[in-house]
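A.B. asks: here's my sequence, what's the structure:
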Amino acid sequence: MIIYALAILLSIVLIWLANYYFDKKNGIGFWITSILGVLPTSIIAGVRNLSIGTDIQHYVITNFSAALTYNNLYQYLAFIHTIKTNYVGTVNHTEIGYSILTYSVSRLSSNVHWLLFALQFATVLFIYVSLVRYSREHKISIVFGMFVYYMLFYGQSLNLMRQTLAASIVLFAVSYLMENKFLLGTILIFFAAQFHTSAYVALIFVYILWRWNKKTVDIEHDFLYKKFGVLIILYLCMLLIGPYIFKLLQIIITYLPVFNKYTPSFAVSTSEGYRYFGTTLFVISDLIVIGIYSSNK
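C.D. replies: Prediction:
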């Protein structure tokens, strides 16, 4: 754990230096220092033991090993959708963007640690660039934003590698949506979905921000969830009726060609998928943040 803490500390210090000495947040000096700032945590993610992150055994090692045996990208893409992994025992439906990245890294090195580095570096870089873009229009701290990422999500990114990369690209896409650049933002969301299909959910941001762009919205009255009492009631209702909703979603998703591979994710029992109670814990944190934010203009 100490090595991770030191890598995060070094990263934060370098990012602080980049933002302290380069106020305009542009130019070669700023970006060189910034890239140096995201390298420590990316390097640690790359050289980590292959037992850290169960998804490594699922689609990282399996897909990378297969890529090393192919000299043709199209043949590799066709093969990768037929193999099963020992970890989950199901067909490995990895998205085309991730498969192309895996194949590209395999052309440069036969060491899978380079792929782990590339995944983490791309994830952190998209997050950092997104924060830089947000800071140009809003009074936010890039350093604190990176600190929040490292404290809350860096550990998860060592396992959910495709998901976190897709999420970081979505964060980048939203920075354009907030500038009313809807076409570019939408294209970036579709690009993110090529690393993990769940990114398609972010298309709702396009509609929401498009609607906000059409009229002046009073944020204080725009959100429904203002009181913590309401949040608690909603959460309790989710615990009571949620399992039935999850079961219904599982049945529906079974018939959807693109999303049916995620059917186990909506299972209620521990043996079939994620624990329902644990899943809802992610939701309550979002509701609390919305409640706090909407209580202030």
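
A.B. asks: excluding covalently adjacent residues, which one is nearest to residue 25?
C.D. replies: With sequence-adjacent residues excluded and distances taken as Cβ to Cβ, 6 or more residues apart in numbering, residue 25 is closest to residue 132, at 5.6 Å. C-beta here means a position set from N, CA and C on the backbone, and glycine is covered the same way.

A.B. asks: buried ones in the strand or helix carrying the one you found?
C.D. replies: Element membership for residue 132 (DSSP states H and E) is helix 112-137. Going by neighbour count (16 or more other Cβ atoms under 10 Å), the buried part of helix 112-137 is 112-134.

A.B. asks: quick revisit: the residue nearest to residue 25 and residue 175, how far apart?
C.D. replies: Look at residue 132 and residue 175: by Cβ to Cβ, to the nearest Å, they are 9 Å apart.

A.B. asks: same question, residue 169
C.D. replies: For residue 169 relative to residue 175 (Cβ to Cβ), the value is 11 Å.

A.B. asks: quick one: low-confidence ranges for this structure?
C.D. replies: 84-92, 213-232, 235, 258, 261-262, 264-297 (pLDDT under 70).

A.B. asks: same thing but at 50, please
C.D. replies: For the chain, applying pLDDT under 50 flags the ranges 217, 219-225, 270-273, 297.

A.B. asks: what segments of it are strands?
C.D. replies: Taking DSSP state E, the chain contains no strands at all.

A.B. asks: near residue 78, how many other residues are there?
C.D. replies: 11 (other Cβ atoms under 10 Å).

A.B. asks: likewise for residue 251?
C.D. replies: 11.

A.B. asks: repeat for residue 32
C.D. replies: 12.

A.B. asks: got it, and the one 4 residues further on?
C.D. replies: Here the count is done by other Cβ under 10 Å, and residue 36 has 15 residues near it.

A.B. asks: surely it touches residue 14?
C.D. replies: Yes. Between residue 36 and residue 14 there is a contact under Cβ atoms under 8 Å: 5.3 Å.

A.B. asks: contacts only, for residue 63.
C.D. replies: When contacts are counted by Cβ atoms under 8 Å, 6 or more residues apart in numbering, residue 63 touches 80, 92, 94, 98-99, 102.

A.B. asks: looking at those residues, spot the one nearest residue 30.
C.D. replies: Within those, the smallest distance to residue 30 is 30.2 Å, found for residue 98 (Cβ to Cβ).

A.B. asks: measure that closest one to residue 166 for me?
C.D. replies: 9 Å.

A.B. asks: same drill for the two, tell me which one is more crowded.
C.D. replies: residue 166 (28 against 22).

A.B. asks: that one touches residue 193, doesn't it?
C.D. replies: Yes. Under the criterion of Cβ under 8 Å, residue 166 makes contact with residue 193 at 6.7 Å.

A.B. asks: quick revisit: neighbour count winner among residue 169 and residue 175?
C.D. replies: The neighbour comparison of residue 169 against residue 175 (other Cβ under 10 Å) goes to residue 169, with 27 against 20.

A.B. asks: how about the more buried one, what does it touch?
C.D. replies: Going by Cβ under 8 Å, 6+ apart, residue 169 touches 126, 188-189, 191-192, 195, 199.

A.B. asks: now do the phi/psi pair for residue 109.
C.D. replies: Dihedral pair for residue 109: phi -160, psi 150, per degrees, to the nearest 10.

A.B. asks: against residue 167, how distant is it?
C.D. replies: Taken as Cβ to Cβ, the span from residue 109 to residue 167 is 26 Å.

A.B. asks: so for those two, which residue has more residues nearby?
C.D. replies: Shown here are residue 109 and residue 167; by other Cβ under 10 Å, residue 167 has more neighbours (23 against 14).
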